[in-house]
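Engineer: Could you work out the structure for the sequence below:
(one chain, ligands or ions: 1)
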Amino acid sequence: MKKRLFSGIQPTGEVHIGNYLGAIKNWIRLLDQYDCIFSIVDYHAITVELDPREMPQNIMHVATVNIAAGLDPERSTLFLQSHVPEHTELAWIFNTVTPIGHLERMTQFKEKAQLYKHNINAGLFDYPVLQAADILLYKAEVVPVGEDQVQHIELSREISRKFNTRYGEVFPEPQELLSDAPRIMGLDAKNKMSKSLNNYIGLLESPEAIWKKLSVAVTDPARKKRSDPGTPEICNIYHLHRYFSSPKEIDWSAQGCRTAGIGCLECKKCLSDNIIKELTPIREKAKELFDNPDSVQDVLRRGAERCKEIAQETMKEVKSKMGLHLGLYTEPSKI
Ligand code: TYM
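Structural biologist: Numbers count the residues shown, from 1 in each chain. The predicted structure follows:
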């Protein structure tokens with residue numbers, strides 16, 4: 001029996017190379033090693049204001065990009081969170097074992113509360129509890145994520161322990177699994193790459209758009225002119241080379257920067273070419289899938305069917321431990 005793995009991504013706009021390097025590439029690498037379940041977490045996404053008219057295409061975008069990048073639906077399960085209502089049901093139960101103080105400490109909540117001052121809603125605060133429910137509903141033990149999610153996974157372990165202590169052993173303690181790129185910085189070189197800060201390269205962007213964005217991306221500020229030597233370790237472009245370029249090119253970029261042998265634009269052009277080379281097959285595959293949306297919807301439908309079965313089993317066990325079932329749960333129509 002393979003261990004179960006769960007991870008999620010929000011349908012909040014374009015999937016970017018931070019998501020790709022920090023999470024999706026790792027998901028693909030682990031497909032055969034674990035029983036993999038991936039969710040497009042729309043109930044998480046609505047904690048910030050989104051245009052409902054854009055939701056269907058956002059969801060289809062994320063599903064399509066993931067499949068195009070290599071998330072093989074024959075070797076994993078991909079589904080939409082709101083198709084399995086047990087996520088919110090379990091989140092409510094978890095609310096009752098989660099101290100408010102723990103949620104107040106969450107860095108992501110504090111950051112989002114700053115960013116969306118006009119809409120600090122209860123869902124935004126409660127977000128990590130729903131995330132714990134996502135993972136534990138499937139009793140997943142492994143959660144591949146970027147660094148920004150580690151605190152949420154720690155809280156999931158805490159919630160699991162609290163539930164098990166109060167009601168009896170039901171849940172495992174999930175562990176995060178980081179990729180070799182746990183925190184990709186944005187093109188502003190100041191903040192983590194993210195959709196909300198608009199400092200990203202989208203996975204489906206055209207070669208022209210990729211070059212346009214990279215050509216103005218921030219580099220080592222000490223290199224004001226071509227002849228100034230720089231420090232590759234503090235340059236975000238150098239760090240990106242490490243994920244897209246060959247060892248020889250990485251070396252070329254570091255040496256050239258240190259000795260002012262190459263200019264930043266030259267260094268960026270090489271990176272741009274390599275990013276384009278890696279993303280072109282993904283963009284082409286995505287185009288095929290966009291022309292055939294039924295196949296993507298079918299993947300999500302099948303995914304939800306499988307997840308519902310597992311989720312209902314877990315909820316039976318949870319309710320039974322909590323004394324909430326009255327022996328009727330197998331026949332909901334009688335309740
Ligand atoms: P989301 O949608 O913000 O991001 C999806 C995944 O991409 C990673 N990531 C990054 N990794 C490295 N560098 C970056 N700049 C970068 N930006 C994003 C994220 O860490 C994440 O792994 N709360 C989650 C979604 C979620 C979830 C879950 C994840 C909901 N339920 C259960 C795991 C398990 C989120 O907002 O991801």
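Engineer: So what's the residue count around the closest residue to the ligand within the chain?
Structural biologist: Nearest residue of the chain to the ligand, counting by Cβ to the nearest ligand atom: G22, 1.9 Å away. In this view, the C-beta of every residue, glycine as well, is placed from N, C-alpha and C. For G22, the neighbour count with other Cβ atoms under 10 Å is 25.
Engineer: For it, which non-adjacent residue is spatially closest?
Structural biologist: Spatially, and ignoring its direct neighbours in sequence, G22 is nearest to G146 (3.3 Å; Cβ to Cβ, 6 or more residues apart in numbering).
Engineer: quick one on the thing from earlier: I figured the residue of the chain closest to the ligand hits P182, correct?
Structural biologist: Yes - look at G22 against P182 with Cβ atoms under 8 Å: they come within range, at 6.0 Å.
Engineer: The residue of the chain closest to the ligand: what's it in contact with?
Structural biologist: V145, G146, E147, S179, A181, P182, R183, I184 (Cβ atoms under 8 Å, 6 or more residues apart in numbering).
Engineer: Give me the buried stretch members for stretch 112-130, please.
Structural biologist: Residues K112, L124, F125, D126, Y127, P128, V129, L130 are the ones in stretch 112-130 that count as buried (16 or more other Cβ atoms under 10 Å).
Engineer: The residues you listed: which two are farthest apart?
Structural biologist: Between any two of these, the greatest separation by Cβ to Cβ is 15.0 Å, found for K112 and V129.
Engineer: Tell me where the model's unsure across the chain.
Structural biologist: Counting by pLDDT under 70, the chain has low-confidence residues at 327-335.
Engineer: ranges for the strands of it?
Structural biologist: Ranges of strands in the chain, per DSSP state E, are 4-9, 35-40, 77-80, 142-144, 175-177.
Engineer: quick one, which of these is nearest to L265?
Structural biologist: Across the strands of the chain, closest to L265 is strand 4-9 (Cβ to Cβ), at 33.0 Å.
Engineer: Would you mind listing the outside residues contacting that closest one?
Structural biologist: Applying Cβ under 8 Å, 6+ apart, the contact partners of strand 4-9 are 15, 19, 23-24, 27, 30, 34-41, 44, 62, 66, 81, 131, 134-135, 138-145, 174, 177.
Engineer: now do stretch 214-227
Structural biologist: Residues from elsewhere that reach stretch 214-227 (Cβ under 8 Å, 6+ apart): 187-190, 201, 228-232, 234-237, 257, 260, 263-265, 267-268, 271-272, 275.
Engineer: The same query, at a cut-off of 10 Å, please.
Structural biologist: The contact list for stretch 214-227 (Cβ atoms under 10 Å, 6 or more residues apart in numbering) reads 185-190, 199, 201, 228-238, 240, 257, 260, 262-269, 271-272, 275-276.
Engineer: before we move on, the earlier item: go back to the buried residues of stretch 112-130 and keep what's next to the ligand.
Structural biologist: Contacts with the ligand are made by none of these, judged by Cβ under 6 Å from any ligand atom.
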